[in-house]
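> quick check, what structure comes out for this input:
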Amino acid sequence: HVQLVESGGGSVQAGGSLRLSCEGSGFTDSNYFMAWFRQAPGKEREGVATVNLIGSTRYPDSVKGRFTISRDNQKNTLYLQMNNLKPEDTAMYYCAAGRYGMALTDYNYNSWGQGTQVTVS
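As a prediction, this is how the structure comes out:
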């Protein structure tokens, strides 16, 4: 049973940076696709970054060049470095794990953390 715990959220001014972490447990191996999603009030959940076992990544245009996803398989930890943050990045951020492909759609992932809030003013 995979469990994920996010940390690192907070409040920051526009143009600032934050680094989110997601510590996982219960993995039977490292062959999971990992991702970060976000959801703002009144909006659908949006995939913002995904990474596979060997470090290949995908981003939507809305965050490309500003966000960087990475993973440390030995530590079972996923990261999201967010730079040049904008007010529209304000949301609850969730990490997710799954075995069904490197995608930015939430139905590809079956393990989710509780989320960490990011607020950009």
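
> roughly how far apart are the residue nearest the centre of the chain and S70?
With distances taken as Cα atoms, centre = their mean, W36 lies nearest the centre of the chain, 2.0 Å away. Distance, W36 to S70, using Cβ to Cβ, to the nearest Å: 11 Å. Just so you know, the C-beta spots here come from the backbone N, C-alpha and C atoms, and that holds for glycine as well.

> so what sits against both of the two?
L78 (Cβ atoms under 8 Å, 6 or more residues apart in numbering).

> report the mean per-residue pLDDT for the helix or strand in which the residue nearest to the centre of the chain is found.
In the assignment (DSSP states H and E), W36 maps to strand 33-39. For strand 33-39, mean pLDDT is 97.

> likewise for stretch 100-117?
Averaged over stretch 100-117, pLDDT sits at 93.

> so how far is the first residue of it from its last?
27 Å (Cα to Cα, to the nearest Å).

> one more: stretch 93-107?
Start-to-end span of stretch 93-107 (Cα to Cα) is 16 Å.

> pull out the buried residues from it.
The neighbour-count check on stretch 93-107 (16 or more other Cβ atoms under 10 Å) flags Y93, Y94, C95, A96, A97, G98, M102, L104, D106 as buried.

> go ahead and confirm the second one touches Q117.
Going back to what we said before, that points to Y94. No. Taking contacts as Cβ atoms under 8 Å, Y94 lies outside contact range of Q117: 10.7 Å.
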